[in-house]
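Colleague: Okay, sequence plus prediction incoming.
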Amino acid sequence: MTDESQKISRRDFMKVSARYGMTSTLLAAGTLGAGATVANLAQAAEATAKKRNTVEPKFKLKFGASGFNQKNLDIQKSGQLFFAKDLEDRTDGAIRVEFIGSNQICGQTNCVKKTQQRIVDIYSASTQNSAGGAPYLNVLDYAYMFPSRAAQYHFFYSPKSEALLREPLRKRHKIQFLFTHCELRGIQLGLKWDDKPTVTSVEQLAGTKNRVTGTQLGRIAMELMNLNPVPIAWEETLDGLKQGLIDGAETWMGAVAYAGMAPVVSQCVDLQFFCGTEHTAMSLPVFDKLGSDLQDDVMESAYLAQIYTQGMNEAGLYDIVGATNPQKPGTIFAENNVRVATLSDAELRKAEQMCSPEFNPKPWEQWRERLNKWSGGHDTYKEIYDIAREIPKDMPPVNVPPRRWWKG
């Protein structure tokens, strides 16, 4: 039998996971290189399962990771499996994490609700899709509040994020926000746009019909830019683009790549108009039950996962996704002829003037007032906007210094 014929198929993976457990198999797969065989996987999964089962855990936590699995976490490096493994290792098995991805227990729009209902203990999904079940997450979605990915990371590391994001989520939604990946959203155009010139301005998109997530604030921005937001479930977006039911989708470039959308996307218009944040969070009642020592372990694992995600996803955008202009050959976008439509600073400023609360405050007033009240009286837009500009706009995201946000 050749090495090629021994490569791991989905069926092989499921057979191994049926024997050793899905989480042990996923964690084992993360330690193997690209040329791994079924035998390698089985051996690694057996060793991982044996190690994990040596100690009887004090807490077994169910992790609903929406559509994530080892394969797409090799594309979008958002840290979920890294966090699960680090937490088990850090607690010497006192916490055992059952990782349930691939939409098996919850999806993008309902993972947060299932966490609030205690069906799962930890979840991962975009903050935008989760805003339906935890409306305070809309606070991240004011248009052009963040000028760069570096500014996003800087905010999530900032101790000021406690009062502006994390504490209101605990109080209102019983959610402990742990860590997140950071990208900025644009419009990902389908194959209708394949033979059209590369987009250079927001005016070229006027009148197009585009999928929108669960965020209320994202819709405001899209309406102000005449981008006709259409609510479509993430799981149905690929078909919508393929069949031409929509012109494009409001999402980020890493999501296009990990979700297998590259073959039906022709142009990624880098509007950068609001957050694309694939976060991991935990049920607050579950967190509260852990006791102070294990709570410290959760926070340290979250901090390390934030650092991992910051560095690894930035590398992945360049080396794997091809979310750059020009693109690295051999990346997902280069192989699928997906163009990155980079807008000039002047065009981005024009878009910002069309839709941001700074230049066009009235459409935002109702939500801004609501979020300010929920936050305990903060001017949420202004305060987050100012934090996002504490660092230079051109700072590379990997140069943002990590900080333990909960320690001041």
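Modeller: Now that the structure is in, tell me what you want to look at. Numbering: from 1, shown residues only.

Colleague: how close does Tyr153 sit to Asn399?
Modeller: 10 Å (CB to CB, to the nearest Å). Quick note: C-beta positions are derived from backbone N, CA and C, even for glycine.

Colleague: should've said Arg170
Modeller: Arg170 is 30 Å from Asn399, by CB to CB.

Colleague: go on, Gly276?
Modeller: 20 Å.

Colleague: Between these two, which has more neighbouring residues?
Modeller: Gly276 (27 against 11; other CB atoms under 10 Å).

Colleague: Which pLDDT value goes with the closest residue to the more buried one other than its chain neighbours?
Modeller: Computed as CB to CB, 6 or more residues apart in numbering, the closest residue to Gly276 that is not its neighbour in sequence is Trp252, at 3.4 Å. pLDDT for Trp252: 97.

Colleague: Give the burial count for Trp252, as a bare number.
Modeller: Residues near Trp252, counting by other CB under 10 Å: 28.

Colleague: List the residues that contact it.
Modeller: Contacts of Trp252 were listed using CB atoms under 8 Å, 6 or more residues apart in numbering, and they are Glu183, Leu184, Arg185, Gly186, Gly276.

Colleague: can we see that at 7 Å?
Modeller: Taking CB atoms under 7 Å, 6 or more residues apart in numbering, we find Trp252 in contact with Glu183, Leu184, Arg185, Gly276.

Colleague: Tell me where the stretch 1-150 of the chain has helices.
Modeller: 10-20, 22-29, 38-52, 70-73, 80-90, 111-116, 127-130, 149-157 (DSSP state H, counting those that start in this stretch).

Colleague: what about those helices, which gets the closest to Ala259?
Modeller: helix 70-73 (7.2 Å; CB to CB).

Colleague: Just the pLDDT at Tyr308, thanks.
Modeller: On the pLDDT scale, Tyr308 gets 98.

Colleague: Now for it, which secondary structure element holds it?
Modeller: Assessed by DSSP states H and E, Tyr308 sits inside helix 292-316.

Colleague: go on, Cys268?
Modeller: Going by DSSP H and E, Cys268 is in strand 265-269.

Colleague: for the stretch 251-400 of the chain, which spans come out with low pLDDT?
Modeller: Nowhere does the stretch 251-400 of the chain drop to pLDDT under 70.

Colleague: which stretches of it form helices?
Modeller: Under DSSP H, counting those that start in this stretch, the stretch 251-400 of the chain gives helices at 253-258, 284-289, 292-316, 332-335, 345-355, 365-374, 380-388.

Colleague: Of the ones you listed, flag the one that's most buried.
Modeller: Most buried of the helices of the stretch 251-400 of the chain, by mean neighbour count (mean count of other CB atoms under 10 Å): helix 253-258, with a mean of 26.

Colleague: who touches that helix?
Modeller: 72, 75-76, 183, 188, 262, 265, 268, 276, 313, 317, 321, 323, 332.

Colleague: can you tell me which residues contact the residue positioned nearest the centre of the chain?
Modeller: For the chain, Glu278 is the residue whose C-alpha lies nearest the centre (CA atoms, centre = their mean; 1.6 Å). By CB under 7 Å, 6+ apart, the residues touching Glu278 are Gln76, Ser78, Ser124, Ser126, Thr180, His181.

Colleague: let's see 10 Å
Modeller: By CB atoms under 10 Å, 6 or more residues apart in numbering, the residues touching Glu278 are 66, 68, 76, 78-80, 108, 124-129, 179-183, 252, 254-255, 258, 309, 313.

Colleague: if we can go back for a sec, looking at the helices of the stretch 251-400 of the chain, which is nearest to Glu88?
Modeller: helix 292-316 (9.0 Å).

Colleague: Now do the closest one: which elements does it pack against?
Modeller: helix 80-90, strand 95-100, helix 149-157, strand 175-180, helix 253-258, strand 278-283, helix 284-289 (3 or more CB pairs under 10 Å, 6 or more residues apart in numbering; DSSP states H and E).

Colleague: Can you dump the C-alpha atoms of the fifth one in CSV for me?
Modeller: Coordinates of the C-alpha atoms in helix 253-258 are reproduced here as CSV (Å, rounded to 0.1, in the frame of the first residue of the first chain):
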residue,chain,number,x,y,z
MET,A,253,-11.6,36.9,3.9
GLY,A,254,-10.5,34.2,6.3
ALA,A,255,-14.2,33.0,6.5
VAL,A,256,-14.4,32.8,2.7
ALA,A,257,-11.4,30.5,2.7
TYR,A,258,-12.3,28.2,5.7
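
Colleague: OK, contacts around the residue lying closest to Tyr153 once chain neighbours are set aside?
Modeller: Nearest residue to Tyr153 in three dimensions, chain neighbours excluded: Val400, at 4.4 Å (CB to CB, 6+ apart). Neighbour list for Val400: 148-157, 182, 310, 391 [criterion: CB under 10 Å, 6+ apart].

Colleague: So the residue nearest to Pro396 when sequence neighbours are not counted versus Gly311, what's the distance?
Modeller: Once flanking residues are discounted, Pro396 sits nearest to Ala150: 6.5 Å by CB to CB, 6+ apart. Relative to Gly311, Ala150 is positioned 12 Å away (CB to CB).

Colleague: residues shared between the contacts of those two?
Modeller: Pro397, Val398.

Colleague: Now for the closest residue to Val38 other than its chain neighbours: which residues touch it?
Modeller: Leaving aside its sequence neighbours, Val38 sits nearest to Asp12 (CB to CB, 6+ apart; 4.7 Å). Asp12 sits next to Gln6, Thr37, Val38, Ala39, Leu41, Ala42 when contact means CB under 10 Å, 6+ apart.

Colleague: what's the closest of these to Thr237?
Modeller: Scanning the contacts of Asp12 for proximity to Thr237, where the rule is CB to CB, the winner is Leu41, at 31.1 Å.
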